[in-house]
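Student: Following is a predicted model, sequence given first.
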Amino acid sequence: MKLYNPPSLDSHDTVYSADSVEFCPFQSHASLLACGTYQLAKDESEDQSTEQPTKPSTDGNQSNDSDGDDEESKTEKPMLRLGRLLVYQVGGANNDSYKLSHQLINGNPTLGVADASGDLTLYQFRDHQENLELVAKYQTNTEKKLALSLDWSNRVQTSEHPRIALSLSNGDITILDLDPTSLGLTENIAWHAHDLEAWVVGWNYHDTNLLYTGADDCRLKGWDMRMDCSYPTFNSKAHQMGVCSIQSNPHDEHILATGSYDENVLVWDTRSMRQPLSTTETGGGVWRLKWHPTRKNILLAGCMHNGFHVLDYDTAWTSGTIVSSFMEHKSLAYGVDWSYAPTESSEELPLVASCSFYDHLIHLWRPSYMDE
C-alpha cells in the first residue's frame, strides 16, 4: 500500500484566519459546511500590524483561541477579537470540481460555537433553510476567559436533554444542560480541571457519565459525572506535551483517540487507561482528530505543521498506518472534517474539508486508502 497525496478539488480564502470546519451530519443539509474564523483587531494607536496568537485555536470541536503571555504584557487594554462564522454550500460529495449536534434539537440541525469571548452560542438551520439563526447563548461572564472547545453528549446516545461540555482557557470545565424545547442553557456543574489552558474536552459517546479533558499541562484526565469532580478518575501523562485533541470512537464503545503537540496520536481502551494501545507519529503536532462517519478503524488528523493525514488501524488497534496525506496547506493545519453525504461506492472515502490559519484557506479534497 503506497501513500496517496490527493489534489485539492477546490479552495477558498476565508479572509480571517480559519481554525475550525464542520460538515452538517444530516442528509437534509449534508452539503453545508460551517467554518469558524479568528482575527485580532489592529490597535490604531500603536503599530498597524495585526497580532496573531502563538498557540492554536480550536474544536471542534468551534471558533476560539488563546493568546501568548507576551501579547498580554504589551498592553493593559483588552484585546478586541474579531470572528466570522461562514457557511458554504458544497456541491454534492461526488462532485469533484463548529461542532454540530449529531441529533436534531427540536427538529433542527444545531451548531454550537465556543468563542474567544468565553461564550457558547447555539445556531440552527430552521425550516430546511441554509442560513443559520442564533437561538441560544451562554456567557461565562469572565472577561479574560476564552472558550476553547465544546462537545455534545448526544453523538451516539439519543437524549431528550443533551449536555454540552465546554473547556476554558483558565483550565475550567463547564457542563451545560440544554432544554430542547425552550433552547435554554443551564449550568449543571463547573470545576477547575487543569492549571493551564484546557484545550479540549470530549465525552465518552457510549457512556456519557464519562468525560475526558486535555490541557497545556500535558495531562489527559478522565472524569465521572456521578462522582466528585474535585478528583479525576485517571490522570495520565502519556503525552509529553500539551493535549489538544480527544475523540471517542462513535463505532467502538471502548476506543478513544488523543492527540498532542508531541506529534503523536494515541489510541486507548477506555476500560484500562494505564497505557495506550498504540502510538502513531504524524509529525507537526496533532490539533484535530475526526473518526470516519461509518468506519471504525479510519481516523482523520489535522497536524498543524505537517498537514492532514488519514490513519488506518488494524483490528487490534496496535498499529496505525498513514494512507493519505494532504499537504497543500502552506500554514498551520487546524480544522478538518468528513462530509456525511453518501459516496458512489462503499470503497470510496468521503470528501474532506480542511482549513489553515495564517493563510486563511479552506481546501476540499478526497482521500484514499486503496493502492493507486
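Tutor: Cool, the structure landed.
Student: contacts, neighbours, all on C-alpha from now
Tutor: Will do.
Student: How many neighbouring residues does Asn188 have?
Tutor: Neighbours of Asn188 under the rule other C-alpha atoms under 10 Å: 13.
Student: let me redo that: Asp179
Tutor: Neighbourhood size, Asp179 [other C-alpha under 10 Å]: 16.
Student: Mind jotting down where the helices sit in the chain?
Tutor: Listed in chain order, the helices of the chain (DSSP state H) span 69-74.
Student: pLDDT weak spots in this structure?
Tutor: Along the chain, segments meeting pLDDT under 70 span 1, 43-78, 92-97, 128, 143, 369-372.
Student: 50 instead, please
Tutor: Within the chain, the stretches with pLDDT under 50 are 46-75, 93-97, 371-372.
Student: Could I get the full set of strands for the stretch 151-300 of the chain?
Tutor: Taking DSSP state E, counting those that start in this stretch, the strands of the stretch 151-300 of the chain run over residues 163-168, 172-179, 184-192, 200-203, 210-214, 220-224, 234-236, 243-248, 255-260, 264-269, 278-281, 288-291, 298-302.
Student: Now tabulate those strands in CSV and tack on distance to Val15.
Tutor: Output for these, formatted as CSV (distance: least, C-alpha to C-alpha, whole Å):
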stretch, distance to Val15
strand 163-168, 26
strand 172-179, 31
strand 184-192, 32
strand 200-203, 26
strand 210-214, 30
strand 220-224, 34
strand 234-236, 39
strand 243-248, 25
strand 255-260, 28
strand 264-269, 31
strand 278-281, 32
strand 288-291, 22
strand 298-302, 20
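Student: in terms of contact, does Val200 touch Cys218 like I think?
Tutor: No: contact between Val200 and Cys218 fails when scored by C-alpha atoms under 8 Å: they sit 11.8 Å apart.
Student: what sits in contact with each of the two?
Tutor: Here Val200 and Cys218 share the contacting residues Val243, scored by C-alpha atoms under 8 Å, 6 or more residues apart in numbering.
Student: Which one's more surrounded, those two?
Tutor: Val200 (35 against 22).
Student: If that one is in a bridge, with which residues?
Tutor: For Val200, the beta-bridge partners are Gly214 (DSSP bridges).
Student: list the contacts for it?
Tutor: With C-alpha under 8 Å, 6+ apart, Val200 has these contacts: 59, 61, 148-150, 167, 213-215, 243-246.
Student: By neighbours, which of those wins?
Tutor: For the contacts of Val200, the largest number of neighbours (other C-alpha under 10 Å) sits with Leu148, at 36 neighbours.
Student: distance of it from Tyr123?
Tutor: Noted for Leu148: a distance of 18 Å to Tyr123, by C-alpha to C-alpha, to the nearest Å.
Student: Next: Ile362.
Tutor: For Ile362 relative to Tyr123 (C-alpha to C-alpha), the value is 21 Å.
Student: related to what we said a few turns ago, could you identify which of the strands of the stretch 151-300 of the chain is most buried?
Tutor: Neighbour counts (mean count of other C-alpha atoms under 10 Å) averaged over each of these peak at strand 200-203, with a mean of 31.
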